[in-house]
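[1] Next comes the sequence, and after it the predicted model I'd like to discuss.
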Amino acid sequence: MKAKRAPTIRSKLVMLVLACVVPASLMAVVLIAHEYQRAREHLLFNLLTTARTMMSVVDRDIASIESSLVALATSSQLQAGNFRSFYAQAQTVLKIQNSGENTHIALLDIHGRQILNTRRPFREALPDYSAAVGFGTIRESGKPFVSNLFVSPITHRHLLTIGVPVPATEATRHTLHAAIYPERFEKLLQQQRLPSDWVAAVFDSSGTIIARSAEMQRFVGRKGSPSLLQHMQAGEPLFISTTYDGTKVHTAVSHSNVSDWSLAIGIPTELINKELRITMMWLVLATIALLSSSLGAAWLIGGRIAESIHGLTGPALALGSGEIVTVPPLNLREADEVGASLVRVSEMLHHAQHRANHDILTGLANRALFDEMLNQHLSLCERNRSVLSILYIDLDGFKAINDRHGHEVGDKLLCNVASRLKAGSRHSDMVSRLGGDEFAIIMVGATMHDSAIVAGKLVDSLSLPYEIDDLVLHISASIGVASYPESGVTAEILLQRADVAMYRAKETGRRRVATAHNSN
Ligand SMILES: Nc1nc2c(ncn2[C@@H]2O[C@H](COP(=O)(O)OP(=O)(O)OP(=O)(O)O)[C@@H](O)[C@H]2O)c(=O)[nH]1
């Protein structure tokens, strides 16, 4: 079965970025949605409060007209039946109230006929509109009455009236009416300075539009949309209605018990949602930008880290093969620390290997390395049909130095001997200390004759005086020489032959060289 590949540093960093950015983005979406919901509720509350405020403004206006009518109804001229003077008085009241062209006053007699109308000259014949202005209702209830919208029989324009009974005897009871054109309420709505997206409209009790804060002429006299009327009839203060052209509108309605009118304010649902959509779009764009830049950075950083770690592979392999490792700067602290450890370990390994194969005192190869190298060289000699020789060296009179001057001096003497042996042999020769005061040299490519000459020179060199710690010491050396292949073909035989030759050199007077083929 194929082993599952471990994830790379890059993929881990990419996952880290995703783990950081994605939850943060989701959290932002939730917060924005929550904030939007809160803002929407606040907006709808404002919508409803404004609708109620505006309805009360309209109510106040109606009340002010009504109180003016009530005051006029008590006029002495009217009571005395002096209609000409009353006509002038009514015009003065309208002027004082600054009602302009939008409001007129009409007086109806006991039969509902218009006696006077400030819109027309006094005594001019006037049409009958008693049904529209609620003449019968006022007479029956004796209370003020606010009419619905109707078309004036005089001006043929849309009109509303507010009527009050005139206190008098049953026989002379009149009704007094203020005729108001819808523009008066349009003006009122516009004075409220609604935000540009908001539209307010006043509806009479039949659901007909009396006034509108925008596009008044297009809508006045029309019924509200079926959806709007349905919600209004159900008495809902806040709802989503649909306009004639199918637009969804968040609507707030306030109903007046004074006039039985309603005031509705609407704001297109689309406008409310648009804001959220724009915020969400920015959030998505910001998330994409953040995610791409973070992923790009993660990819780049991951690549650099991977590069630094890959830089350790070569040194690690070199360490395995026992080489001394060098690690270049990897531009990542952790990787540099691992690299430094690899270098330290390789040095420790190297020292351990050196200690295992070398003599601690003199630094020369020890017996183990001597045996290993001798066997290797013999194999090569056998394959290449070449020759080698070994010199077996034993110092003469070394014990006496030790006994007389102590081991410390003896040690220093051994080190001096090692130096002279190395100086007297070739670089390709291997000098080793076999133990105590015994040394051996492998001379690759050297015949018995050649090596005996070198051995002779070494005997001379080793016999020169040694200056150690203000002492001048004298020793000599006996050397046995054996050669491959003439003295033997194995390491054991060659070494034994050289040893025997060395002993013979000692026996025959020391400070001399003896060759194996002479002695065996
Ligand atoms: N200072 C010192 N002495 C050592 C060391 N290893 C062995 N020896 C001494 O070297 C001496 C070697 O003994 P021998 O070979 O009999 O000494 P020698 O006087 O050279 O005798 P011959 O070989 O017969 O000439 C002994 O006294 C050992 O204690 C060492 O590492 N340091």
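    Here it is on my side, so go on.

[2] show me what contacts the residue nearest to residue 244 when sequence neighbours are not counted?
    Nearest non-adjacent residue to residue 244, counting by Cβ to Cβ, 6 or more residues apart in numbering: residue 225, 5.2 Å away. For the C-beta atoms, the positions are set from N, CA and C on the backbone; glycine is no exception. Going by Cβ atoms under 8 Å, 6 or more residues apart in numbering, residue 225 touches 241-244.

[3] Among the residues you listed, which one has the most neighbours?
    Counting neighbours by other Cβ atoms under 10 Å, the top entry in the contacts of residue 225 is residue 241, with 23 neighbours.

[4] Contacts only, for whatever residue of the chain ends up closest to the ligand.
    Taking Cβ to the nearest ligand atom as the measure, the chain has residue 410 as its residue closest to the ligand, at 2.5 Å. In this structure, residue 410 makes contact with 398, 401-402, judged by Cβ under 8 Å, 6+ apart.

[5] Name the SS class of it, please.
    Three-state assignment for residue 410 (DSSP: H, G, I helix; E, B strand; the rest coil): helix.

[6] Residue 11 too?
    helix.

[7] residues near the residue nearest to it when sequence neighbours are not counted, how many?
    Of all residues not flanking residue 11 in the chain, residue 302 sits nearest, at 7.8 Å (Cβ to Cβ, 6+ apart). When neighbours are defined as other Cβ under 10 Å, residue 302 has 19 of them.

[8] residues contacting residue 302?
    Counting by Cβ under 8 Å, 6+ apart, residue 302 touches 8-14.

[9] give me that answer again for 6 Å
    9-10, 13 (Cβ atoms under 6 Å, 6 or more residues apart in numbering).

[10] Check residue 476 too.
    Residues in contact with residue 476 (Cβ under 6 Å, 6+ apart) are 396, 463, 511.

[11] run the last query once more with 8 Å
    Residue 476 makes contacts with 395-397, 459, 462-463, 510-511, as judged by Cβ under 8 Å, 6+ apart.

[12] Likewise for residue 177?
    Applying Cβ under 8 Å, 6+ apart, we find residue 177 in contact with 69, 105-108, 133, 161-164.

[13] would you list those residues in CSV and tack on pLDDT and distance to the ligand?
    Shown next, in CSV, are the contacts of residue 177 (pLDDT from 0 to 100; distance: Cβ to the nearest ligand atom, whole Å):
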residue, pLDDT, distance to the ligand
69, 89, 139
105, 92, 142
106, 92, 144
107, 91, 148
108, 89, 148
133, 81, 141
161, 92, 138
162, 92, 135
163, 91, 140
164, 91, 140
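
[14] Which members of the residues you listed occur in strands, if any?
    105-108, 161-164 (DSSP state E).

[15] before we move on, back to that, how close does the residue of the chain closest to the ligand sit to residue 393?
    Between residue 410 and residue 393 the computed distance is 16 Å (Cβ to Cβ, to the nearest Å).

[16] residue ranges for the helices of the stretch 51-200 of the chain, please.
    Listed in chain order, the helices of the stretch 51-200 of the chain (DSSP state H, counting those that start in this stretch) span 76-79, 83-96, 135-141, 183-191.

[17] Can you pull the phi/psi pair for residue 124?
    Reported as degrees, to the nearest 10, the phi and psi values for residue 124 are phi -70, psi 150.

[18] Per-residue pLDDT of it, please?
    Looking at residue 124, its pLDDT reads 86.

[19] Show the contacting residues for it.
    residue 117.

[20] again, only using 10 Å
    Contacts for residue 124 (Cβ atoms under 10 Å, 6 or more residues apart in numbering) come out as 114, 116-117, 154.

[21] Adding neighbour count, write the residues you listed out as TSV.
    Listed next are the contacts of residue 124 as TSV, based on neighbours: other Cβ atoms under 10 Å:
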residue	neighbour count
114	21
116	21
117	23
154	17
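
[22] After the helix or strand where residue 379 lies, which helix or strand is next?
    Applying DSSP states H and E as the criterion places residue 379 in helix 367-384. Toward the C-terminus, helix 367-384 is succeeded by strand 388-396 as the next helix or strand (DSSP H and E).

[23] Can you tell me the strand partners of that following strand and which way each runs?
    Take DSSP bridges as the rule and strand 388-396 pairs in its sheet with strand 438-444 (antiparallel), strand 476-484 (antiparallel).

[24] Could you identify which of these is most buried?
    Stretch with highest mean neighbour count among the strands paired with strand 388-396: strand 476-484 (a mean of 27; mean count of other Cβ atoms under 10 Å).

[25] pretty sure residue 357 contacts residue 365?
    Yes: the criterion here is Cβ atoms under 10 Å, and residue 357 meets it with residue 365 at 6.3 Å.

[26] joint contacts of these two?
    The overlap between the contact sets of residue 357 and residue 365 (Cβ under 10 Å, 6+ apart) consists of 372-373, 432.
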